[in-house]
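**Student:** The following comprises the amino acid sequence and a computationally predicted model.
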Amino acid sequence: NQIDAEILRRAGIPVPPHYAAPSAEAAISIAKKLGFPVVVKPADLDGGTGVSADLVTDEEVKAAFLLARRHSRHILVEKHVEGRDYRLTVFQGEVIWAVERIPGGVVGDGRHSIQQLVEQLNRDPRRGDSKHSVLKSLSLDSEAKALLRRAGLTTASIPAPGQFIRLRRIANIAAGGTPVAVTDQVHPDNRHLAVRAAQALRLDIAGVDLLTPDISRSWRDRGAYVCEVNSQPTLGQATAAHLFKEILGKMIAGNGRIPVVVVFGATPDAQLTRQLEARLRETGLTVGCHDNDSVRIAGKVVIDGKVKPFQAGLTFSADRNVEAIILNVNDDSLLSTGMPFARFDLLIIAGMHISTSSPESRNEAVFHQLLTAMLPACDGQILTLLDSGLEIGAYQACTTAIWKSAPVNKKEALDYISEQILELQQRHSNQ
């Protein structure tokens, strides 16, 4: 936080003044220097962990320091800034969502006590104490009671209708706050300020916490401070569940798939995979190819020797440069590991050779079991080579893929697959 704040200051971003506090006594001294109220927080944590805000006495600062010290050895004392608390989510230079974070508290109805209002609030099924809870439960703990005392209230007090009773010093959702979407209200200057803060810290995605009286008015007119920039913002289910699809859609082209060809049942000395690899590389594609000799990417060996199909598939999936995959399956290892991807586009049945891990296993039985297990994952087309020896009739009901009507020779298969791969790449990119 301290380093981030200095970077933001250099970039001309308004941030509250703060100082490192090595002890509770130092924290109190700094608070007096800055002027009450102040915030005490860990310097190296985010998400509201160990943060205490709006502290107005020496005793509150000392208690807040001890609380923060449970979470970190590095403590900051910061000038508390009045204003409404907003979280602006920035992704790739654009504000894609904004919420106002209402501090944990209750709204009076003129009939129920604060204790009763808290109980009613916690009946909201979205609230709970689990890490998976959309909103967090509120409790009338020492922090809540201290805020009530400051306001001259007790848990038995009955607030007037519409009166908001604050029970948390910070507005973080993890502390019981409630998010309210305000994306459409954000002034362009405030959007620009949040984007600049994220860019100053070289972040593609960031949660920029902005304190300002009114998000619909320019910070240049009303004033504002960036109190934190979170590099791993929680998008949240309460108001922003739709962002996951939007963000992934911007990060991943098309439907997120690349063309995958599985060559099934070829003998160890068969050259089909290498010939297909050469054809595809001639088109300029970066091809991941797996056969009995090695695992290759762009023609370069990345793993020598015989590698199980599952491991080869994982290797290709981990390399962002790979634009098409050729996977060789001629052993029974997939029966124990499963497929390395959920779907593939083309299945080439080159023969009926499947090496088995157990000498007792019959090749024909393993072939049938493996092919039956793989077919549902193929959602494109299936070709059989002329000399494969397979009768397709028994397998057609196992998949929604389209079986090419008649077996083809190797040259026809190479020509057809090369054309299909280029079409598939275009199709996956446009979906």
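**Tutor:** Arrived safely, thanks for sending.
**Student:** all contacts plus neighbour counts: C-alpha atoms, from now on.
**Tutor:** Noted.
**Student:** Model confidence for R166, exactly?
**Tutor:** You'll see R166 listed with a pLDDT of 93.
**Student:** actually G50, not the one I typed
**Tutor:** For G50, pLDDT reads 89.
**Student:** Disregarding flanking residues, what is the spatial nearest neighbour of the residue in the chain sticking out farthest from the centre?
**Tutor:** Computed with CA atoms, centre = their mean, the residue of the chain farthest from its C-alpha average is D387, at 47.4 Å. Computed as CA to CA, 6 or more residues apart in numbering, the closest residue to D387 that is not its neighbour in sequence is G351, at 6.9 Å.
**Student:** In the chain, which helix is the longest?
**Tutor:** Among the segments of the chain that qualify as a helix by DSSP state H, the longest is helix 410-430.
**Student:** which residues are contacting that helix?
**Tutor:** 253-259, 272, 275-276, 279-280, 323-324, 383, 385-386 (CA atoms under 8 Å, 6 or more residues apart in numbering).
**Student:** Please pick the buried ones from those.
**Tutor:** When burial is judged by neighbour count using 16 or more other CA atoms under 10 Å, the buried members of the contacts of helix 410-430 are 254, 257-259, 272, 276, 279-280, 323-324, 383, 385-386.
**Student:** can you put the residues you listed in CSV and add distance to S23?
**Tutor:** As requested, these are arranged in CSV below (distance: CA to CA, whole Å):
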residue, distance to S23
G254, 54
R257, 54
I258, 56
P259, 60
L272, 71
L276, 68
R279, 69
L280, 66
E323, 56
A324, 59
L383, 73
L385, 77
L386, 81
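**Student:** Out of the residues you listed, the closest to S113 would be?
**Tutor:** G254 (54.4 Å; CA to CA).
**Student:** From V262, how far off is the closest one?
**Tutor:** Distance, G254 to V262, using CA to CA, to the nearest Å: 22 Å.
**Student:** buried ones in the longest helix of the chain?
**Tutor:** Buried residues in helix 410-430, counted by 16+ other CA under 10 Å: K410, A413, L414, I417, S418, Q420, I421, L424, Q425.
**Student:** Stretch 28-37 now?
**Tutor:** Neighbour counts over stretch 28-37 (16+ other CA under 10 Å) mark I28, S29, I30, A31, L34, F36, P37 as buried.
**Student:** cool, stretch 197-206 as well?
**Tutor:** A197, A198, Q199, A200, L201, L203, I205, A206.
**Student:** likewise stretch 313-329?
**Tutor:** G313, T315, F316, S317, V322, E323, A324, I325, I326, L327, N328, V329.
**Student:** out of the buried residues of stretch 28-37, which are inside helices?
**Tutor:** I28, S29, I30, A31, L34.
**Student:** nearest to T178, of these?
**Tutor:** Closest to T178 out of these is A31 (28.8 Å), distances taken as CA to CA.
**Student:** May I ask you to confirm that that closest one is in contact with A24?
**Tutor:** No - using CA atoms under 8 Å as the test, A31 is too far from A24 to be in contact (10.5 Å).
**Student:** what sits in contact with each of these two?
**Tutor:** V61.
**Student:** need the contact list for N330.
**Tutor:** Here N330 is in contact with F264, G265, A266, T267, P268, H353, I354, S355 (CA under 8 Å, 6+ apart).
**Student:** Next: G110.
**Tutor:** I158, P159, A160, P161.
**Student:** And the contacts of the helix or strand where L370 lies?
**Tutor:** Element membership for L370, per DSSP states H and E: helix 363-374. Here helix 363-374 makes contact (CA under 8 Å, 6+ apart) with D332, L334, L335, M339, M352, H353, I354, S355, T356, Y395, C398.
**Student:** Centre of the chain to the following helix or strand past it, how far?
**Tutor:** Proceeding N to C from helix 363-374, the next assigned helix or strand is strand 378-384, under DSSP H and E. Here strand 378-384 shows a centroid-to-chain-centroid distance of 33 Å under the convention CA atoms, centre = their mean, to the nearest Å.
**Student:** same thing with stretch 250-270?
**Tutor:** So, by CA atoms, centre = their mean, the centroid of stretch 250-270 is 25 Å from its chain's centroid.
**Student:** Then stretch 195-208?
**Tutor:** So, by CA atoms, centre = their mean, the centroid of stretch 195-208 is 16 Å from its chain's centroid.
**Student:** just use 337 as the starting number from now, easier for me
**Tutor:** Shifting the count to begin at 337 puts that one at stretch 531-544.
**Student:** just checking, V397 touches V376?
**Tutor:** Yes - using CA under 8 Å, V397 is in contact with V376, at 7.0 Å.
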